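Chemist: Here is a sequence with its predicted model. Questions after.
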Amino acid sequence: MITLNSPDTSSYCGARTRAGSPCRIPPVRGKTRCRMHGGAKMSGGQPGNQNAFVHGYYSAAAKAERKRLADQIRWLKREMKEMRELRR
Ligand SMILES: [Zn+2]
């Protein structure tokens with residue numbers, strides 16, 4: 001997952017270029033995109049800025065919650081599969 005506050009999650013920008021391939025330019029320090037793809041200095045809001053907050057579906061907290069639930073479901077499915085196999 002890429003979040004604004006975790007730099008160096010990847011070693012390159014990854015934005016989709018006009019050719020359709022991911023951008024290979026390293027991101028601006030502290031950002032997730034290169035300077036050509038929205039990572040320019042002074043671009044974007046201050047950390048914690050809520051001016052563009054609409055429903056929060058893509059907020060770090062909501063993403064983390066969805067990931068947590070997905071991990072839990074994956075774990076439960078694995079457990080259930082194991083139990084089914086033990087019953088045989
Ligand atoms: Zn880029």
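Modeler: Received, thanks.
Chemist: Would you map the strands across this structure?
Modeler: Here the chain has no strands by DSSP state E.
Chemist: domain ranges for it?
Modeler: What the record gives for the chain is the domain set 1-52, 55-88, from automatic domain parsing.
Chemist: Give me the mean pLDDT for the longest one.
Modeler: Mean pLDDT, taken over the full extent of domain 1-52, equals 82.
Chemist: Is that domain positioned near the ion?
Modeler: Yes - against the ion, domain 1-52 shows contacts by C-beta under 5 Å from the ion at C13, A15, C23, I25, C34, H37. (Each C-beta comes from the backbone N, C-alpha and C, glycine too.)
Chemist: Of these, which is the most crowded?
Modeler: Highest neighbour count within the residues of domain 1-52 next to the ion, by other C-beta atoms under 10 Å: C13, with 22 neighbours.
Chemist: need the contact list for that one.
Modeler: For C13, the contacting residues are P22, C23, R24, I25, P26, P27, T32, R33, C34, M36, H37, G39, by C-beta atoms under 8 Å, 6 or more residues apart in numbering.
Chemist: Equivalent analysis for A62, please.
Modeler: By C-beta under 8 Å, 6+ apart, the contact set of A62 is G56.
Chemist: quick revisit: output the residues of domain 1-52 next to the ion in TSV; the columns should cover distance to V54.
Modeler: Output for the residues of domain 1-52 next to the ion, formatted as TSV (distance: C-beta to C-beta, whole Å):
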residue	distance to V54
C13	25
A15	22
C23	26
I25	30
C34	26
H37	22
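Chemist: State the pair within those that is farthest apart.
Modeler: A15 and I25 (8.8 Å; C-beta to C-beta).
Chemist: Check the contact lists of these two and give me the overlap.
Modeler: In contact with both A15 and I25: C34, H37, using C-beta under 8 Å, 6+ apart.
Chemist: ok, back up a step: kindly present the contacts of C13 as CSV, with separate columns for distance to L69.
Modeler: Output for the contacts of C13, formatted as CSV (distance: C-beta to C-beta, whole Å):
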residue, distance to L69
P22, 28
C23, 31
R24, 33
I25, 34
P26, 33
P27, 29
T32, 24
R33, 28
C34, 32
M36, 35
H37, 30
G39, 30
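Chemist: Before I go, just wanted to say thanks for your time.
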